[in-house]
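Enquirer: Sharing a model that was predicted from the sequence below.
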Amino acid sequence: MLKPETRELLRGVSTATLCTCLFKRGLRTQMIQGALPVGGVRGGPSMVGEAFTLRYMPAREDLNGIEVFRDRAHPQRKAVEDCPPGAVLVIDSRKDARAASAGGILVGRLQARGVEGVVTDGGFRDAPEIGKMKIRAYHQRPSAPTNLTLHQAIDINVPIGCGDAPVFPGDVIVGDDEGVLVIPAHMADEIAAEAAEMTVFEDFVAEQVANGRSILGLYPATDPQTPIDFAAWRKERNR
């Protein structure tokens with residue numbers, strides 16, 4: 001389970017910083033490619049939650065007519081109703097945005113149920129409405145055609161690939177205005193702590209650079225004076 005203190009640390013760090021922390025551990029493909037914020041930049045704390053997954057396969061027309069939505073166990077509908085509050089629904093649409101992964105009504109239902117966010121490597125229909133919702137949503141681009149056109153919902157809460165990133169149920173999903181990142185569940189606590197410390201140091205570096213200081217010896221901190229200056233800066237700002 002994602003610890004509340006880990007969630008709060010991750011809300012205050014960028015996906016860029018997290019990518020560096022993961023790279024140090026040999027993980028290079030944790031950023032979900034092509035997943036951008038619906039509605040554009042919104043600022044504020046990052047989206048953070050455990051992954052609950054939905055997998056689409058290419059639709060077979062004789063099995064994917066409009067009548068499938070009458071089935072209360074239909075995987076897409078069931079995923080929307082079963083995704084836990086505070087989690088992030090991650091949808092494997094095979095990077096195919098020619099048909100929607102979901103639309104405004106389903107995303108609205110996720111919001112009403114307290115779900116943290118929704119991510120697809122495909123597209124959403126009703127994107128203008130979704131972009132105005134409080135729930136964080138990420139996709140490749142708007143897509144008006146119903147998911148049934150090309151996508152057949154087949155599995156819930158299984159390992160998937162989303163935008164070339166491996167996603168296992170329970171992995172920690174972090175999204176900001178740059179995109180969405182996947183942290184392996186067992187690494188979440190240590191990654192969050194390291195990223196929070198890196199963020200403080202990077203804030204110090206950014207201020208120093210803005211004041212005219214060279215990055216040489218500063219970033220990375222190879223100059224013996226840099227840790228001394230950082231400690232003084234941190235004490236002064238109570239960070």
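Expert: Nice, I can see it.

Enquirer: For stretch 207-214, measure first residue to last.
Expert: With CA to CA, to the nearest Å as the measure, stretch 207-214 spans 11 Å from end to end.

Enquirer: For the biggest strand by length in the chain, which strands pair with it and how are they oriented?
Expert: Longest among the strand segments of the chain by residue count, using DSSP state E, is strand 47-58. Strand pairing for strand 47-58, using DSSP bridges, gives strand 88-92 (parallel), strand 151-156 (antiparallel), strand 172-176 (antiparallel).

Enquirer: check contacts around the closest residue to K132 other than its chain neighbours.
Expert: Leaving aside its sequence neighbours, K132 sits nearest to G39 (CB to CB, 6 or more residues apart in numbering; 6.6 Å). C-beta: built from backbone N, CA, C; applies to glycine. G39 is in contact with 127-128, 130-132, 137, counting by CB atoms under 8 Å, 6 or more residues apart in numbering.

Enquirer: and the two most separated of the residues you listed?
Expert: Pairwise distances across the contacts of G39 peak at 11.7 Å for P128 and A137 (criterion: CB to CB).

Enquirer: So G123 is in contact with A137, correct?
Expert: No: using CB atoms under 8 Å, G123 makes no contact with A137, being 11.0 Å away.

Enquirer: Domain map for this protein?
Expert: 4-186, 191-237 (the TED database).

Enquirer: and those as a markdown table, adding mean pLDDT?
Expert: As requested, these are exported to a markdown table (pLDDT from 0 to 100):
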| stretch | mean pLDDT |
| --- | --- |
| domain 4-186 | 97 |
| domain 191-237 | 97 |
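
Enquirer: so of the ones you listed, which one's packed in deepest?
Expert: Neighbour counts (mean count of other CB atoms under 10 Å) averaged over each of those peak at domain 4-186, with a mean of 19.

Enquirer: Which residue ranges of this protein form helices?
Expert: With helices called from DSSP state H, the chain shows them at 4-11, 15-24, 75-82, 104-112, 127-130, 188-210, 225-237.

Enquirer: a markdown table for these, including distance to V180?
Expert: Below are the helices of the chain laid out as a markdown table (distance: least, CB to CB, whole Å):
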| stretch | distance to V180 |
| --- | --- |
| helix 4-11 | 12 |
| helix 15-24 | 7 |
| helix 75-82 | 17 |
| helix 104-112 | 15 |
| helix 127-130 | 15 |
| helix 188-210 | 15 |
| helix 225-237 | 30 |
